[in-house]
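# Fold the following.
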Amino acid sequence: MSNKLRNIDKVAINKQMALPLKFKSIKNRENYLVSKCNIEAVKLIENSTFWQNKKKTNAIPGAIIYGPKGSGKTHLCSIFKKKINCVYLTSLSNNCLENVTEGKNFILDNFIPGKNFPSELVMHFMNQVTYKEGSILLLSRLSPFEMDWDLDDLNSRIRSLISSEIKLPDDILLYSFIVKYSNEKNLFIGDKKLIYILERLDRSFESVIKVIDRLDKHSLEANERVTYKNIKIILDNLNAD
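Residues are numbered from 1 along each chain as shown. Just a heads-up that it's a prediction; the model follows:
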């Protein structure tokens, strides 16, 4: 969290306040709002034809979703995991190849070159998943072309996969999300207080969830409405974390 006020687009948000909020969410999935910053990634994980496709020559149903921390990759990943029934991994170990069975699907999170994902092991893993006709969804803060693997063949393989970028939410989406999430908590916060919060938060869903959860907890325990004083205390504590 930053102590510096963020310059938000108040004009756009004021226009949004005058309209009835319309939330477009992924079917049967709460709290994931779809907008231009993530629509392509959403289309990718909902493409059942792609993920259920059988092995082609030297290819697997595999893709990379990348973007900065707080952009919603982990949330989207949890939706995909339920949809496709994947094994979730944050690193590869030497015995991981034994777990690659026929048609098994995987999510590799925080996927960047390094000790958690050694180049040779990643190459063997991808070859094994290809052979067993499985699939892999890679989540990373780096785009495929920002990654530099030790093996040219692996660089080529990673860069040939379909990729989709998730950007940080814009102010309109973040405003919509904070309204939706706070309402679901039965925590009704006035527009001026919402602007006060947004100006002091990082531009991420993660930040909104943290502050609303803590406001909700305080309101329930103290049995009182949300005040600027309470908001400031919670924001100061978040900044200190």
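
# For the longest helix anywhere in the chain, which residues meet the burial criterion?
Taking DSSP state H as the criterion, the chain has its longest helix at helix 205-222. By neighbour count with 16 or more other CB atoms under 10 Å, helix 205-222 contains the buried residues 205, 207, 208, 209, 210, 211, 212, 214, 215, 216, 218, 219. Quick note: C-beta positions are derived from backbone N, CA and C, even for glycine.

# Could you pull up the residues touching the nearest residue to the third one once chain neighbours are set aside?
Leaving out its chain neighbours, the residue that sits closest to residue 208 by CB to CB, 6 or more residues apart in numbering is residue 178, at 4.9 Å. For residue 178, the contacting residues are 194, 197, 198, 208, 212, by CB atoms under 8 Å, 6 or more residues apart in numbering.

# Quick one: low-confidence residue ranges for the chain.
1-4, 9, 12, 14-31, 53-58, 239-241 (pLDDT under 70).

# OK, contacts around residue 43?
residue 164.

# how does the protein divide up, domain by domain?
The record assigns the chain these domain ranges, following automatic domain parsing: 10-35+169-240, 39-165.

# returning to what we had before: among the buried residues of helix 205-222, which one lies nearest to residue 174?
The nearest member of the buried residues of helix 205-222 to residue 174, counting by CB to CB, is residue 208 at 6.6 Å.

# Is residue 106 within a helix or a strand, and which one?
Per DSSP states H and E, residue 106 falls inside strand 105-108.

# neighbouring strands for that strand, and are they parallel or not?
For strand 105-108, the pairing partners within the sheet under DSSP bridges are strand 87-89 (parallel), strand 135-140 (parallel).

# which residues touch that strand?
For strand 105-108, contacts defined as CB under 8 Å, 6+ apart pick out 51, 77, 80-81, 84-90, 92, 100, 117, 129, 134-139.

# Export the buried residues of helix 205-222 to JSON lines and append columns for distance to residue 236.
Output for the buried residues of helix 205-222, formatted as JSON lines (distance: CB to CB, whole Å):
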{"residue": "205", "distance to residue 236": "21"}
{"residue": "207", "distance to residue 236": "14"}
{"residue": "208", "distance to residue 236": "17"}
{"residue": "209", "distance to residue 236": "18"}
{"residue": "210", "distance to residue 236": "13"}
{"residue": "211", "distance to residue 236": "11"}
{"residue": "212", "distance to residue 236": "16"}
{"residue": "214", "distance to residue 236": "11"}
{"residue": "215", "distance to residue 236": "13"}
{"residue": "216", "distance to residue 236": "18"}
{"residue": "218", "distance to residue 236": "13"}
{"residue": "219", "distance to residue 236": "17"}
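
# Can you tell me which of those is closest to residue 230?
The closest of the buried residues of helix 205-222, once distances to residue 230 are taken by CB to CB, is residue 218, at 5.9 Å.

# Contacts only, for the nearest residue to that closest one once chain neighbours are set aside.
Nearest residue to residue 218 in three dimensions, chain neighbours excluded: residue 230, at 5.9 Å (CB to CB, 6+ apart). For residue 230, the contact set (CB under 8 Å, 6+ apart) comprises 215, 218, 219, 224.

# For residue 230, give me the backbone phi and psi.
In terms of degrees, to the nearest 10, the main-chain angles of residue 230 are phi -70, psi -40.
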